[in-house]
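> how would this look folded up:
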Amino acid sequence: TQVYREKDLSGVMTSDARPADRADLKDRIALTYGMIRRVDSAIGKVLQLLDELQLANNTIAIFLTDNGPVGGRYNSGMRGRKGTLYEGGIRVPCFIRWPRRLTAGKQVKGPAAHIDLMPT
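Purely as a prediction, here's the structure:
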């Protein structure tokens, strides 16, 4: 988190940010990006362990988030945020890794939702 406190990331706020959101902007952004960094690191460790144990080909790894950011922070230039029907409020990343069946780097541009994933 300290790494992000030292950076000026105020440009990641979207224009629809509420003025009250700006008061503690630096700390909120630092905490958010610190959390993202830790999640990314933890996911990397899990995937690496699957590789080391030679389980990756038989394991479907899915990373999916919920609907957009609550506050007015970075959302890739999309309009809206969580709670809105605009793309910035409903579009989220979904990464699926299954080396045996899926080709790396493929993008699916059509709409989908968590309910489109089959239960295991």
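
> now the strands: where do they sit in this structure?
Along the chain, counting by DSSP state E, strands occupy 61-64, 94-97.

> for those strands, which one sits closest to Lys82?
Taking C-beta to C-beta, strand 61-64 is the member of the strands of the chain nearest to Lys82, at 14.9 Å. For glycine as for every other residue, the C-beta is placed from the backbone atoms N, C-alpha and C.

> Would you map the helices across this structure?
2-5, 19-22, 25-52, 87-90 (DSSP state H).

> on contacts alone, who are the packing partners of the third one?
Applying 3 or more C-beta pairs under 8 Å, 6 or more residues apart in numbering; DSSP states H and E, one finds that helix 25-52 makes contact with helix 2-5, strand 61-64.

> Quick one, which of those gets closest to Arg91.
When the helices and strands packed on helix 25-52 are compared by C-beta to C-beta, strand 61-64 sits nearest Arg91, at 12.0 Å.
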